[in-house]
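Undergrad: Turn this into a model:
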Amino acid sequence: MSSNLIKNTLGACRSAIAIFKDRRRSKAARRDFWALGMEECTGRLNALGMSPSEFDNAMHLPCAAQDLLTLAMRSVGIDPNSFHTLEFAYGRFMYRTCITCPHRRRCHSHLEAFDFEDRYREFCPNKDNFSELLRQRMQSQVGCKLS
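TA: From the prediction side, this is the model:
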């Protein structure tokens, strides 16, 4: 009984420390972003389809300082650095969707457990965009084989 209490207490302490570290990283990322200057920041936010207040609100979400979209894309088999993917992601506001997602902690947990690709369809608001990118990739691969 006492060992369960100790385990639970340690688990709660680890969670509290992780939340504290996450908040600190988020605060630093927000400070560094705004240090770029208003014109630069406004341009970047406009490219994402976000207002400054939406950005500040999103930076209070769990794992806000982490680029989960790039990790998620790699996890499901999408090259996040290809020109087509980048163009598609900005056109569909995938970055904005990811940054403002209320499921960031769940996403982060599945990415760390290496089972995101099996679970993202349950919660990810970009799931349809991932499916479309994967479909387009498959079509282009078939087209290359036929040539």
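Undergrad: Give me the distance between the residue positioned nearest the centre of the chain and residue 140.
TA: By CA atoms, centre = their mean, the chain has its centre lying nearest to residue 68, at 2.6 Å. Remark: distance between residue 68 and residue 140 (CB to CB, to the nearest Å) = 26 Å. No exception for glycine: its C-beta is placed from N, CA and C like everyone else's.
Undergrad: Same question for residue 59.
TA: Taken as CB to CB, the spacing of residue 59 relative to residue 140 amounts to 36 Å.
Undergrad: Let me know the pLDDT of the residue nearest to the centre of the chain.
TA: At residue 68 the predicted local distance difference test score is 94.
Undergrad: was I right about it contacting residue 100?
TA: No: counting by CB atoms under 8 Å, residue 100 is not a contact partner of residue 68; they are 11.7 Å apart.
Undergrad: The residue nearest to the centre of the chain: what's it in contact with?
TA: The contact partners of residue 68, taken as CB atoms under 8 Å, 6 or more residues apart in numbering, are 98, 104, 107, 108, 111.
Undergrad: Out of these, list just those in helices.
TA: Residues from these lying in helices, with DSSP state H as the criterion: 98, 104, 107, 108, 111.
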